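K.L.:
This is the structure alone, sequence omitted:
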């Protein structure tokens, strides 16, 4: 299973999606003995660790100590301190998920001046510093984003092997649902249509399956007919460990009682599997077998109510419909031997990717 290890709740940025970091989520520093964590992880025969925060690179000594245990590891980071991560640590990390939202103007407008250039510069030199794994662009997509423009910008840097995005909607009470719907209708969904066509056209022209996560994995499901669990793994085989040692189904909601599943000093990994699953409307949804169910926190909390939840779901339905329209084009390429169906899986290692935007 995958475990998000929250090394600190502190961050060196003040992004507007996080409401200025004003929410008190958990103690800023780890309060449990690391050996308690080690003993808990050792009960899982195949643990994968995801270093998370806050910003995990703010606590390099803790990360280094945990890496010494030898488990496969992923790093989620804003990239500003990647140049301070030691070569021996980089060599033990198999995937880096880098939070960047698009071009300089767009990223800096939400994350702060100079963030884009620093993160890009640090990503550029990763290979020189001994990193051999994938670098994944992890985009936040606020209302008004031109998803086609920003996705293509990051992809065309050539720095990323995979890319995915998450919608910054429904989390903020002051967001106007009519404005969100207008953005969906006029810019976001047309952008998804263009991106799907561009992605399939690249396969047809060059026989290359680009690592566009929200398209690739659902397309694999559409072609094979094999239903999926919740795509991000939350509550299924992905869990989070807070700075107090509490176990959550997702790292974004430590303040909610329904997200708490146990504690590392008293829980067994085998007790966690599927202890929290999506409820309605996902249970009855006709495309759940492809989608897997939306964000588990949003499903249980429904901060915008049922209507707001379905409004965001409409974008997933649009995405799946566009993939369905293009399924025949991809199937022909497989039949011709130009690509293999399992090329769509992108990796055989679960890297904590959030497939469904």
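P.N.:
Done, it's in. Note that the coordinates shown come from a computational prediction; the quantities given were computed from them, not determined experimentally. Residues are numbered from 1 along each chain as shown.
K.L.:
so which strand or helix has the residue nearest to residue 288 when sequence neighbours are not counted?
P.N.:
Spatial nearest neighbour of residue 288, chain neighbours left out: residue 282 (5.5 Å); criterion: C-beta to C-beta, 6 or more residues apart in numbering. From N, CA and C alone the C-beta is placed, and that goes for glycine too. Applying DSSP states H and E as the criterion places residue 282 outside every helix and strand.
K.L.:
residues near residue 282, how many?
P.N.:
19 (other C-beta atoms under 10 Å).
K.L.:
what's near enough to touch it?
P.N.:
288, 291, 293-294, 299 (C-beta atoms under 8 Å, 6 or more residues apart in numbering).
K.L.:
can you do 10 Å?
P.N.:
Contact analysis of residue 282 by C-beta atoms under 10 Å, 6 or more residues apart in numbering lists 230, 288, 291-294, 296, 299, 309, 313.
K.L.:
cool, residue 132 as well?
P.N.:
90-91, 93-94, 126.
K.L.:
Greatest separation within those: which pair is it?
P.N.:
The two members of the contacts of residue 132 with the most space between them (C-beta to C-beta) are 94 and 126, at 12.9 Å.
K.L.:
Among those two, which residue is more densely surrounded?
P.N.:
Comparing residue 94 with residue 126 by neighbour count (other C-beta under 10 Å), the higher total belongs to residue 126, at 20 against 17.
K.L.:
Could you give me the buried positions within stretch 246-260?
P.N.:
Residues of stretch 246-260 classed as buried: 246-254, 259-260 (neighbour count, 16 or more other C-beta atoms under 10 Å).
K.L.:
In JSON lines: the residues you listed, plus secondary structure, distance to residue 189 and pLDDT.
P.N.:
Compiled in JSON lines, the buried residues of stretch 246-260 are given as follows (DSSP: H, G, I helix; E, B strand; the rest coil; distance: C-beta to C-beta, whole Å; pLDDT from 0 to 100):
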{"residue": "246", "secondary structure": "strand", "distance to residue 189": "38", "pLDDT": "96"}
{"residue": "247", "secondary structure": "strand", "distance to residue 189": "37", "pLDDT": "97"}
{"residue": "248", "secondary structure": "strand", "distance to residue 189": "32", "pLDDT": "96"}
{"residue": "249", "secondary structure": "coil", "distance to residue 189": "29", "pLDDT": "95"}
{"residue": "250", "secondary structure": "coil", "distance to residue 189": "26", "pLDDT": "92"}
{"residue": "251", "secondary structure": "coil", "distance to residue 189": "29", "pLDDT": "91"}
{"residue": "252", "secondary structure": "coil", "distance to residue 189": "25", "pLDDT": "86"}
{"residue": "253", "secondary structure": "coil", "distance to residue 189": "27", "pLDDT": "86"}
{"residue": "254", "secondary structure": "coil", "distance to residue 189": "33", "pLDDT": "87"}
{"residue": "259", "secondary structure": "helix", "distance to residue 189": "30", "pLDDT": "93"}
{"residue": "260", "secondary structure": "strand", "distance to residue 189": "36", "pLDDT": "94"}
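K.L.:
following the lengthiest strand in the chain, which helix or strand shows up next?
P.N.:
Criterion DSSP state E: the longest strand present in the chain is strand 134-142. Under the assignment DSSP H and E, the closest C-terminal helix or strand after strand 134-142 is helix 147-156.
K.L.:
tilt between the next helix or strand after that next one and helix 147-156?
P.N.:
Moving toward the C-terminus from helix 147-156, the next helix or strand (DSSP H and E) is strand 162-168. For strand 162-168 against helix 147-156, the angle by axes from the mean of the first three to the mean of the last three C-alpha atoms, to 10 degrees is 150 degrees.
K.L.:
by contact count, what packs against strand 162-168?
P.N.:
Here strand 162-168 touches strand 93-99, strand 134-142, helix 147-156, helix 213-224, helix 305-335, going by 3 or more C-beta pairs under 10 Å, 6 or more residues apart in numbering; DSSP states H and E.
K.L.:
Give me the distance between that strand and the centre of its chain.
P.N.:
7 Å (C-alpha atoms, centre = their mean, to the nearest Å).
K.L.:
so for that strand, what's the average pLDDT?
P.N.:
Mean per-residue pLDDT for strand 162-168: 96.
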